[in-house]
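J.: Give me the fold of what follows.
(chains A and B)
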Amino acid sequence: MSDILITFPDQSSRSFATGVSSMEIAESIGPGLAKAAVAARIDGLLTDLTQSIDKNADFEIITEDSDAGHEVLLHSTAHLMAHAVKLLFPDAKVTIGPAIENRFYYDFDIPGTFSDNDLEKIEAKMHELSENDFEVNRIEMSRNDALKMFKEMGEDYKVEIIEQINEHDTISAYSQDDFIDLCRGPHVKSTGKIKHFKLLSTSGAYWRGDENNTMLQRIYGTVFSTKKGLDTYLHYLEEAKKRDHRKLGKELDLFFFHHLSPASPFFTDKGAVVYNNLIDYMRSLYNEHGYNEVITPQIFDMELWKQSGHYDMFIDNMFRMEMGDREFGLKPMNCPGHTLIYSHGHHSYRDLPIRMADFGRLHRFEKAGVLSGLTRVRSMAQDDAHIFCTPEQIGDEITDLFEMVQKVYKTFSFEDLSITLSTRPIKALGDIKLWDKAESSLKAVLDKSSFYFTIDKGKGAFYGPKIDFHVKDALQRSHQLATIQLDFVLPERFKLKYIAEDGNEARPVMIHRAILGSLERFFGVYLEHCGGDFPLWLAPVQIVVLPISEKVQTYAEKLTKNLKASGFRTQLDDKADKIGAKIRKAELSKINIMLIVGEKEAEAETVSVRRRHKGDLGVMDVSELTGLLSEEIKQRSS
RNA sequence: GCCUACGUAGCUCAGUCGGUAGAGCACUUCCUUGGUAAGGAAGAGGUCACCGGUUCAAGUCCGGUCGUAGGCUCCA
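T.: Sure thing, here's the model as predicted:
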């Protein structure tokens, strides 16, 4: 038997006997590696460790702590769960069970549903199967044999899957004890490898995601190679729950919902302070960047939405009303209204670009099942603007937007910006030449920006290509916030024009752009990002004055009054509580500055300053303090 | 829209087998006048989401409506 040459990721190579398995190679390198190995990558393809190799190949061991290895482990755990479910619920039919980010799921067709109690039983059975340490074996077979086998087993969904697999492809299945499941693999070599897992939740899910198909029962779970890994992940889930904007919104009394206006947030006085400060901040940027704000109607004759195309594309998401013999639509977007402003006057190329900003309230009838807190609402406003410009101006406008976006994310301390450029979809309106030009100008700006970006081919809007910005929050979750979309269609539909340099009429381009996106959603995302600890400039209550006893009531009142007059959002806590209780209350409501005043301070006209989460900062003159705070607010420090 | 779970005081939650509703925090009043994360006492607060049904009797059982939550094409 001749030898084969195995090349490792560091480009070193060694020869092995033909037919060597990945496991044997791993063992030859070291027992530690062999223990951590879950799969191998041979010439770029993920395979089982037991797979034998009979030709020269690029080779890499996949360990359980790598991303690919974790995926294998997740997928193998999905199988283990399916195994347990089949034992406990013999009538269940298996469907698919992929790994997703940090989790896996498996969909089953069962007569009833899974209860929490069932989940516990399944988990216990999984532990039992893990302890049995069954070998996991790959079985390859022809398409016909596979069809026959799964038909006999009554696994209709698997049969459907096999029927869609290319005739000439080999089909693989994996067995552990007497459980067998159609699967591409690879898998861990025995069930004993799967130890640290937890089933998380159940839900309904349509077969192949199509609501016309059978509703299946899905179970989500997670698994890690170490107990520590699992604990860390479960802790992360706890942390995410603690920071949930709906929970914080209630605790800090920022907003609430009422069943008489579903999915439409009520911002309390406190929440409105934050909301309005977000708007004020964007306004200050608009001043710097040459935007003009407009105010447009809430309700338009349906004729407008027919002309804009919303009637065809968006009518299911619109609130409509009939008044006498006219039908009106509540605006879901500002753009059509803005074209009416643009058309209200004549424009020369010298007027362009026109940057038209609008914080108008929008209403969208989102399906009941997709609503969620502030992230998916039916009533919202955006930091919306439309830029009307010449095709030549697109590049400069985008460059300016980039600058703005970066400023904004810095202010809110969002790091880890990533960008996608979405290009022309198959169903696109407008001249292809214009598309090419628009795409290349977007790409040129991106190239110049030194930002890393990926291209989402064919994912642009039907009216133009777009750039989306994604940020990661404090828990490393990604959120799409800003969007910049080029639009050639609306200017066409509304026959927008300007007089070009050559004296002829020309069609402007519209750029739709929002940086925070919807203010409601941004409020939610940012609330979770900062965990309710608003920076001073955004805080609903910036200062609370805490008198130690009634003896200093007069001083405390005067102090509060003066701070309010100086523009600080200040409260006085003159309840008959002890100072410790007042401090505790202020800390829990996350008020930035606590001013403790007793007889000493009253006499010297000073304050004892305590900062949220930081504790006692010592005694200060009032003017010194207000100077520092004013500067902090002006800088919008985070 | 579909599946599942949930809806009890402002908030967080108990409420057994169907027998007419309870705690903590918050709130109000009183006592205490205090020095950096909870001083004490008393009081007030609920059409148990809504509508209907079963029953002598419903927060509890059944049906419906509304609302909220987790999901619903990350493919064997």
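J.: Please name the residues that touch A:F359.
T.: By C-beta atoms under 8 Å, 6 or more residues apart in numbering, the contact set of A:F359 is A:279, A:282, A:293, A:381-384, A:519. Where you see a C-beta, it was placed from the backbone N, CA and C, and this is true even at glycine.
J.: could you say which helix or strand contains A:D312?
T.: Element membership of A:D312 [criterion: DSSP states H and E] is helix A:310-313.
J.: The stretch 51-200 of chain A against RNA strand B: which residues are in contact?
T.: A:96-98, A:100-101, A:113, A:115, A:146, A:158, A:161-162, A:165, A:169, A:171-172, A:181-184 (C-beta under 7 Å from any atom of the strand).
J.: Out of these, which end up buried?
T.: Listed as buried from these are A:96-97, A:146, A:158, A:161-162, A:171-172, A:181-183; burial here means 16 or more other C-beta atoms under 10 Å.
J.: As a markdown table, these with pLDDT would be great.
T.: Compiled in a markdown table, these are given as follows (pLDDT from 0 to 100):
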| residue | pLDDT |
| --- | --- |
| A:I96 | 91 |
| A:G97 | 91 |
| A:A146 | 88 |
| A:K158 | 91 |
| A:I161 | 90 |
| A:I162 | 89 |
| A:I171 | 87 |
| A:S172 | 90 |
| A:D181 | 91 |
| A:L182 | 91 |
| A:C183 | 89 |
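J.: Just want the phi and psi numbers for A:K93.
T.: Per-residue torsions, A:K93: phi -110, psi 140 (degrees, to the nearest 10).
J.: And the one 4 residues further on, by the same measure?
T.: The main-chain torsion angles of A:G97 are listed as degrees, to the nearest 10 and equal phi -150, psi 80.
J.: Isn't it up against A:H79?
T.: Yes - A:G97 is within contact range of A:H79, at 6.7 Å (criterion: C-beta atoms under 8 Å).
J.: right, quick check: stretch A:311-320 against RNA strand B, any contact?
T.: No - contact of stretch A:311-320 with RNA strand B (C-beta under 7 Å from any atom of the strand) is absent, the minimum separation being 10.5 Å.
J.: Flag every buried residue along that stretch.
T.: A:311, A:314, A:318.
J.: excluding its backbone neighbours, what's nearest the last one?
T.: Beyond its immediate neighbours in the sequence, the residue positioned closest to A:M318 (C-beta to C-beta, 6 or more residues apart in numbering) is A:G329, lying 5.0 Å away.
J.: Then A:T222?
T.: A:R103 (4.8 Å).
J.: Over to A:K198?
T.: Going by C-beta to C-beta, 6+ apart, A:K198 has A:T222 as its nearest residue, at 5.8 Å.
J.: For the strand or helix carrying that neighbour, which strands pair with it and how are they oriented?
T.: Using DSSP H and E, A:T222 maps to strand A:215-224. Sheet partners assigned to strand A:215-224 using DSSP bridges are listed as strand A:103-109 (antiparallel), strand A:196-206 (antiparallel).
J.: now, of the ones you listed, which is deepest in the fold?
T.: Stretch with highest mean neighbour count among the strands paired with strand A:215-224: strand A:103-109 (a mean of 22; mean count of other C-beta atoms under 10 Å).
J.: Do you have the strands of the stretch 151-300 of chain A handy? List them.
T.: Taking DSSP state E, counting those that start in this stretch as the criterion, the stretch 151-300 of chain A carries its strands at A:171-176, A:179-182, A:196-206, A:215-224, A:255-256, A:266-267, A:292-293, A:299-301.
J.: How about the stretch 451-600 of chain A?
T.: A:453-456, A:466-472, A:478-487, A:498-499, A:505-506, A:509-518, A:543-547, A:570-572, A:593-597.
J.: Would you mind finding the most buried of the ones you listed?
T.: Most buried among the strands of the stretch 451-600 of chain A, counting by mean count of other C-beta under 10 Å: strand A:543-547, with a mean of 25.
J.: For A:S15, which three-state class applies?
T.: strand (DSSP: H, G, I helix; E, B strand; the rest coil).
J.: any idea how far it is from RNA strand B?
T.: A:S15 is 31 Å from RNA strand B, where distance means C-beta to the nearest atom of the strand, to the nearest Å.
J.: Ok, A:H344 next?
T.: Note on A:H344: its distance to RNA strand B, by C-beta to the nearest atom of the strand, is 38 Å.
J.: again, but for A:D621
T.: 14 Å.
J.: shaky segments in chain A?
T.: Within chain A, the segments meeting pLDDT under 70 span A:1.
J.: Nearest to RNA strand B: which residue in it?
T.: The minimum distance from chain A to RNA strand B, using C-beta to the nearest atom of the strand, falls at A:G369 (1.8 Å).
J.: count of neighbours near that residue?
T.: 7 (other C-beta atoms under 10 Å).
J.: one step back: out of the strands of the stretch 151-300 of chain A, which comes closest to A:A37?
T.: Of all these, strand A:215-224 sits nearest to A:A37, with 16.3 Å by C-beta to C-beta.
J.: just to revisit the earlier point, among the strands paired with strand A:215-224, which is nearest A:V405?
T.: Evaluated over the strands paired with strand A:215-224, closeness to A:V405 peaks at strand A:103-109, with 31.3 Å, by C-beta to C-beta.
J.: That's all I had, so thanks and see you.
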